[in-house]
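Peer 1: predicted model and sequence below, questions to follow.
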Amino acid sequence: MAFEELFKSADWKAEKHVPVIEGPDEVKKGEWAHFQVTVGKEIPHPNTTEHHIRWIEAYFMPQDGKFPYQVGKFEFTAHGESVEGPNQGPVYTHSHVQFSFKTDRPGTLYVTSYCNIHGLWKSEKAIKVV
């Protein structure tokens, strides 16, 4: 199996594992553009010791570029673990991130996420520059 075949994608309104990208379709050249990504936007994803989103990564691939640039990697490490046992801890994280970047070239924002049970997921958003 090829590496790219490991990534799953679906309609985020019906599948809780898909990273949902929210942000502008057009950005102004050289100005900060703000984005947010949520896994489990329409259908909440569990965040338990046994079943959780481990991380979200964002990459920007400029149009006609040779390779993508990593915008950020966001790890979620508190899922209710505790010395008292699973789901007994005082802290739970939520798979939601906000980030900003600026660019002078159009391209595609690619976002991936990882569920400890259901594997790798992806989504993408075309970005125009004005």
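Peer 2: Here it is on my side, so go on.
Peer 1: stretch 5-14: which residues count as buried?
Peer 2: W12 (16 or more other CB atoms under 10 Å). In this view, the C-beta of every residue, glycine as well, is placed from N, C-alpha and C.
Peer 1: find the residue at the geometric middle of this protein.
Peer 2: Note on the chain: the residue nearest the mean C-alpha position is I56, at 3.9 Å, using CA atoms, centre = their mean.
Peer 1: hang on, that one is in a helix, isn't it?
Peer 2: No: using DSSP: H, G, I helix; E, B strand; the rest coil, the assignment for I56 is strand, not a helix.
Peer 1: partner residues bridging it?
Peer 2: F74, S113 (DSSP bridges).
Peer 1: one more: V97?
Peer 2: Here V97 sits in beta bridges with V37, going by DSSP bridges.
Peer 1: any idea how far it is from F35?
Peer 2: 9 Å (CB to CB, to the nearest Å).
Peer 1: repeat for T48
Peer 2: Distance of T48 to F35, computed by CB to CB: 27 Å.
Peer 1: more crowded one of the two?
Peer 2: F35 (21 against 14; other CB atoms under 10 Å).
Peer 1: any shared contact partners between V97 and F35?
Peer 2: Common neighbours of V97 and F35, counting by CB atoms under 8 Å, 6 or more residues apart in numbering, are A58.
Peer 1: burial of R54, as a residue count?
Peer 2: When neighbours are counted by other CB under 10 Å, R54 registers 13.
Peer 1: that one contacts T112, doesn't it?
Peer 2: No: under the criterion of CB atoms under 8 Å, R54 makes no contact with T112, lying 11.2 Å away.
Peer 1: for the protein, which segments count as strands?
Peer 2: Taking DSSP state E, the strands of the chain run over residues 7-8, 19-22, 26-27, 33-39, 53-62, 69-75, 96-101, 107-115, 119-129.
Peer 1: which of these sits closest to N87?
Peer 2: strand 53-62 (15.5 Å; CB to CB).
Peer 1: ok, and for the closest one, which residues are buried?
Peer 2: Buried, per 16+ other CB under 10 Å, within strand 53-62: 53, 55-62.
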